[in-house]
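A.B. asks: How does the following fold in three dimensions:
(one chain, ligands or ions: 1)
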Amino acid sequence: MADGGNNTSSSHGGPAGEAGGRPKRIGVLALQGDFEAHEKALRRAGAEAVPVRTADELRQVEGLIIPGGESTTMLKMIEQEGLLEPLREFGSRRPIFGTCAGAILLATEVTNPPQSSLGLMDIGVERNGYGRQLDSRIAPVRLADSAGDLEAVFIRAPIIRRVGRDGRVLATYQGDPVLVVQGLHFAATFHPELTDDSRVHLMFIKKVA
Ligand code: GLN
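C.D. replies: Numbering: from 1, shown residues only. Model (predicted):
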């Protein structure tokens, strides 16, 4: 699965959202957490960003970001709004990018404490895995394929403890995976929406066919 390189001839290295002449319409789950920062980051990267709060709104987007926040609260709200099954169904055919709490919601396995999830990515995550050490910190993370470093903001971040056979680690911090792709989906334990660097959002936008 090639994630690098242009997959359309109409891209000129500008905002990836403009491939094919039409910005991609990407939803941001807007129940809780820092969804507005993701909407801004998506727009900066050339996509159309729309808040998603209902199954009907979910049907109208081509990809979805589940933001950081508090995963237990977000999960409760997802259940209350009847979005659990619609999100699972959406994820069976469309890309989802989960950041921090969003990554916890995508994982098949959650510990510290265990919690149910959408189970769309075969990864195991430990909540608040860095303890007090990474309550809130900006640190350089190492990108795969010698693509250099990226400034990453961590806020009470989970640690990705296990990556399934189909997963690919795209960035690491202190040797642990912090950005993983598996099939259609991405998980990041940091907050790419809180820095000016659009590379991570562009990666996701490219995935949204
Ligand atoms: N610690 C939070 C949780 O377990 C995630 C933190 C975040 O999204 N910044 O849900």
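
A.B. asks: Enumerate the positions of the helix or strand of the chain with the lowest mean pLDDT that are buried.
C.D. replies: None of the helices or strands of the chain scores lower by mean pLDDT, DSSP states H and E than strand 136-143, at a mean of 93. For strand 136-143, burial by neighbour count (16 or more other C-beta atoms under 10 Å) applies to 141, 143. No exception for glycine: its C-beta is placed from N, CA and C like everyone else's.

A.B. asks: what packs against it?
C.D. replies: Strand 136-143 is packed against strand 149-155, strand 168-173, with contacts defined by 3 or more C-beta pairs under 8 Å, 6 or more residues apart in numbering; DSSP states H and E.

A.B. asks: can you redo the ones you listed as TSV with distance to Ile65 and mean pLDDT?
C.D. replies: Shown next, in TSV, are these (distance: least, C-beta to C-beta, whole Å; pLDDT from 0 to 100):
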stretch	distance to Ile65	mean pLDDT
strand 149-155	16	96
strand 168-173	16	97
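
A.B. asks: Lys24: which of those is closest?
C.D. replies: strand 168-173 (19.8 Å; C-beta to C-beta).

A.B. asks: Give me the residues contacting the closest one.
C.D. replies: 1, 3, 139, 141-144, 150, 152, 154, 163, 177-182, 186, 188-190, 203 (C-beta atoms under 8 Å, 6 or more residues apart in numbering).

A.B. asks: now do stretch 73-93
C.D. replies: Under C-beta under 8 Å, 6+ apart, the answer for stretch 73-93 is 29, 31-33, 53-55, 58, 64, 66, 96, 101-102, 105-106, 115-120, 184-185.

A.B. asks: Name the residues of the protein found near the ligand, please.
C.D. replies: 68-71, 100-101, 104, 127-128, 155-156 (C-beta under 6 Å from any ligand atom).

A.B. asks: In helices, which of those appear?
C.D. replies: Judged by DSSP state H, the residues of the chain next to the ligand include 71, 101, 104 as members of helices.

A.B. asks: which of the residues you listed tops the neighbour count?
C.D. replies: The most crowded member of these, judged by other C-beta atoms under 10 Å, is Ile104 (31 neighbours).

A.B. asks: is it true that it touches Pro113?
C.D. replies: No - counting by C-beta atoms under 8 Å, Ile104 does not reach Pro113; the two are 11.4 Å apart.

A.B. asks: who touches both of these two?
C.D. replies: Arg127.

A.B. asks: tell me the helices in this protein, going along the chain?
C.D. replies: 35-44, 55-59, 71-80, 84-91, 101-106, 199-207.

A.B. asks: Can you mark which positions in stretch 162-177 are buried?
C.D. replies: Quick answer for stretch 162-177 (16+ other C-beta under 10 Å): 163, 167, 170-173, 176-177.

A.B. asks: Among those residues, list the two that are farthest apart in space.
C.D. replies: Gly167 and Tyr173 (16.4 Å).

A.B. asks: which stretches of the chain aren't confidently modelled?
C.D. replies: Judged by pLDDT under 70, the chain has its weakly predicted residues at 1-21, 133-134.

A.B. asks: Leu194 is nearest to which of the helices and strands packed on strand 136-143?
C.D. replies: strand 149-155 (4.4 Å).
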